[in-house]
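J.: 3D model of this:
(one chain, ligands or ions: 1)
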Amino acid sequence: MLSLEKIYLAEEIANHPLTSKILQKTGFKPQILPRGESSPLPRALWEEGISLGKRILYLTRYQGRFFRRCPGTKAYLCCGYHIFHIGQGCPLDCTYCILQAYFNQPWLTFFVNVLEDGLKELQEALSRFTFLRIGTGEFTDSFALEELTSLNPHLIEFFARQENAVLELKTKTTGIDHLKDLPHRRRTILAWSLNAPSISRNEEKGAPPVEERLLAAQKAVSWGYPVAFHFDPIIRFPGWREEYAQTIEFLFEKIPPEEVCWISLGSLRFMPELKEIAWKRFPETKIFSNEFITGLDGKKRYFRPLRVELYSHLYGLIKKLAPHVCVYLCMESPEVWKEVFGFSPFSRGGLSRMLDEAAQRVCRIRSHNFRLAE
Ligand code: SF4
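T.: Numbers count the residues shown, from 1 in each chain. Purely as a prediction, here's the structure:
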């Protein structure tokens, strides 16, 4: 998955122990950027440099907030997720990846001070909350740089000591064997993004096929980890009904429903500028060929009846095979919830609460009945 060409280091972390471990694994001679210089690529290459950036790793010290609320959007129902920010950028190359338009720095960045500074900040934050769901896969894939950083075992052991939080590691990859014997206490949820097989084949370059992801999930379950799945983005194409059915049937052939914390459904949505960038990079793609409307968050999305049709089909299939699994919609309105599920999350105490309860049930955590304000 990783095919690096160059590593840059911020001068101040050149002697950091994690930097040395990473460099040992790559065998690269890094280029050191002097203090105050934070751009490995000349600005002129930024826009054209997305593909190049996936082969460049920048190791640095993060001075911002590692722990933060997921940006979400006020226009749609948000799930109350929090982020632990370990780095940004991804060596995989999905046509629809929002990161192509989101960051103006196309290289892969990893914060080597994540263990000492990040976990300290996280520990303090946890004392202010009753219960939290936290993920690292918001601005990267949670396993994007794992073969170099071996970060996840540290996070899993940290969360195993917590009573009021679960960690969700979201990925499309399958390199999880080093997690086998960890004392995780079911406080880490291993989550896979899934899609129709042909979307995975054609639009998720560098990622293993969905069947392999589900075999990795099956292994995780055999090691006692709770799991979760994200069908996002769900895409319309000829044959979508049959192909999503194929993935869902394979999922429940391999995974017992009682081990699944949640399944999210989110249809294709994108900032208008992403379409231009993605079309230039992947001229053969057809995923932007439908008609789209502009949503309340300024992103393009399918017309509402088409979204409802997608969700209803996938939800029907899931409910048939796993009637008790928590299914939720990502970035949708209460009206769409009602059309798809027959209820809005408000009638069940809100989406955050629904997901907190699902996490506590599947991760076997004593229930926490209220959430403190941030
Ligand atoms: S795996 Fe996620 S972060 Fe990586 S390229 Fe695909 S969509 Fe982007």
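J.: what residues does stretch 70-83 touch?
T.: Outside of stretch 70-83, the residues within contact range by CB atoms under 8 Å, 6 or more residues apart in numbering are 67-69, 132-136, 138-139, 295-297, 328-334, 337, 345, 350-352, 355-356, 371. Heads up, the C-betas are built off the backbone N, CA and C, glycines and all.
J.: repeat that for 7 Å
T.: Identification of contacts with stretch 70-83 by CB atoms under 7 Å, 6 or more residues apart in numbering yields 67-69, 132-135, 138, 295-297, 328, 331-334, 345, 351-352, 355.
J.: same deal with stretch 349-360?
T.: Residues from elsewhere that reach stretch 349-360, judged by CB under 7 Å, 6+ apart: 77, 79-80, 131, 133, 166, 261-262, 326, 328, 345, 348, 367, 371.
J.: Show me the two of those that sit farthest apart.
T.: Spanning the widest gap among those are 77 and 367, at 22.3 Å by CB to CB.
J.: Looking at those two, which has the bigger crowd around it?
T.: Legend: neighbour count by other CB atoms under 10 Å for residue 77 and residue 367, higher for residue 77 (22 against 9).
J.: Tell me where the chain has helices.
T.: Taking DSSP state H as the criterion, the chain carries its helices at 17-26, 50-53, 99-102, 119-126, 146-149, 152-160, 197-203, 210-222, 240-254, 272-281, 304-321, 334-341, 351-362.
J.: ok and the last one relative to helix 334-341, angle-wise?
T.: Inter-element angle recorded for helix 351-362 and helix 334-341: 40 degrees (by axes from the mean of the first three to the mean of the last three CA atoms, to 10 degrees).
J.: Tell me the gap between helix 351-362 and the middle of its chain.
T.: Computed by CA atoms, centre = their mean, to the nearest Å, the chain-centroid distance of helix 351-362 equals 18 Å.
J.: Give me the buried positions along that helix.
T.: Across helix 351-362, burial judged by 16 or more other CB atoms under 10 Å covers 351-360, 362.
J.: can you tell which of the helices of the chain is closest to the ligand?
T.: Nearest of the helices of the chain to the ligand, taken as CB to the nearest ligand atom: helix 99-102 at 5.1 Å.
J.: can you dump the C-alpha coordinates of the closest one into CSV?
T.: Written as CSV, here are the backbone C-alpha positions of helix 99-102 (Å, rounded to 0.1, in the frame of the first residue of the first chain):
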residue,chain,number,x,y,z
LEU,A,99,-9.2,15.0,1.1
GLN,A,100,-8.2,15.9,-2.5
ALA,A,101,-10.1,19.1,-2.1
TYR,A,102,-10.0,19.6,1.6
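J.: Quick one: neighbours of residue 137, just the number.
T.: 21.
J.: and if you look at residue 277?
T.: The number of residues packed near residue 277 is 16, by other CB under 10 Å.
J.: pLDDT (mean, whole number) over stretch 197-204?
T.: In this model, stretch 197-204 has a mean pLDDT of 98.
J.: Can you pull out the residues in contact with it?
T.: Contacts of stretch 197-204 (CB under 7 Å, 6+ apart): 92, 94-96, 172, 195, 207, 209-210, 235, 243, 246-247, 285, 287.
J.: In ChimeraX, select just the buried ones from these.
T.: Entered in ChimeraX, the line below selects the buried ones among the contacts of stretch 197-204, by 16+ other CB under 10 Å:
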select :92,94,95,96,172,195,207,210,235,243,246,247,287
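J.: so which of the contacts of stretch 197-204 would you say is closest to residue 307?
T.: Taking the contacts of stretch 197-204 together and measuring to residue 307 by CB to CB, the closest member is residue 235, at 11.5 Å.
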